[in-house]
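J.: return atomic coordinates for the entry below.
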Amino acid sequence: MKRGPLVRTQPEARASVPILRPKKCKGCGEKFRPLRPMQAACGIECARTVGAEKLSRDQAKADAKRLQALKPRSYWLKRAQAACNAYIRARDKDQPCISCSTLTAEAWHAGHYYSTAARPDLRFDEANIHRQCVACNLHKHGNLIEYRRNLAARIGQEVLDRLDGPPVAVRATVEVLQALAGEYRAKAKELDI
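T.: This is a model prediction of the structure:
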């Protein structure tokens, strides 16, 4: 039995595959007709260029992530404190100074009744922090006698008694400080809307 020449025919499934629309090459910027739906480059050289750029972007992201992990706890504590203070200033923007009751001030601070050094457990306690003018907070060292008088009227004696209670040993981790910073930024953003 003699065989005839081998003839290859296109399967019908291939004949019904639609021709893809031209795309812009991510490597050189020229238009090309892709052979595959996810093809991003017109040729091997452009594909190498696109791959190298993606690799360098991924490596830069990984480096940034490593650098964030290397930052000390003190960095995250400052970030969380700054976010908390911004929230307090936004929360009390219509309130007078907690100590001297002025509505006009050169600058506004988020003044702590119990300082962060004396009571680190109350550093982020919103009942302990209120809007205070720069004169009272810096020049009068918190103006604490007037602060306490007005604080009792603003938050109530029960909450003030809780603040006066015994200190609790607290040392927030980096993850907790990052979460606090995000939470206070979101709260401040809500108030600004």
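
J.: what sits against the nearest residue to Asn85 once chain neighbours are set aside?
T.: Nearest residue to Asn85 in three dimensions, chain neighbours excluded: Ala110, at 3.8 Å (CB to CB, 6 or more residues apart in numbering). From N, CA and C alone the C-beta is placed, and that goes for glycine too. Applying CB atoms under 8 Å, 6 or more residues apart in numbering to Ala110 gives the contacts Cys84, Asn85, Ala86, Ile88, Arg89, Ile129, His130, Arg131, Gln132.

J.: in this protein, which residue is most central in space?
T.: Gly182 (5.2 Å; CA atoms, centre = their mean).

J.: returning to what we had before: can you flag the buried ones in the contacts of Ala110?
T.: Buried members of these, counted by 16 or more other CB atoms under 10 Å: Cys84, Asn85, Ala86, Ile88, Arg89, Ile129, His130, Arg131, Gln132.

J.: would you agree the fourth one is in contact with Asn128?
T.: No - at 9.9 Å, Ile88 and Asn128 do not qualify as touching, with contact defined as CB atoms under 8 Å.

J.: which residues do these two both contact?
T.: In contact with both Ile88 and Asn128: no residue, using CB under 8 Å, 6+ apart.

J.: and Ala127, how close does it get to Val134?
T.: 22 Å (CB to CB, to the nearest Å).
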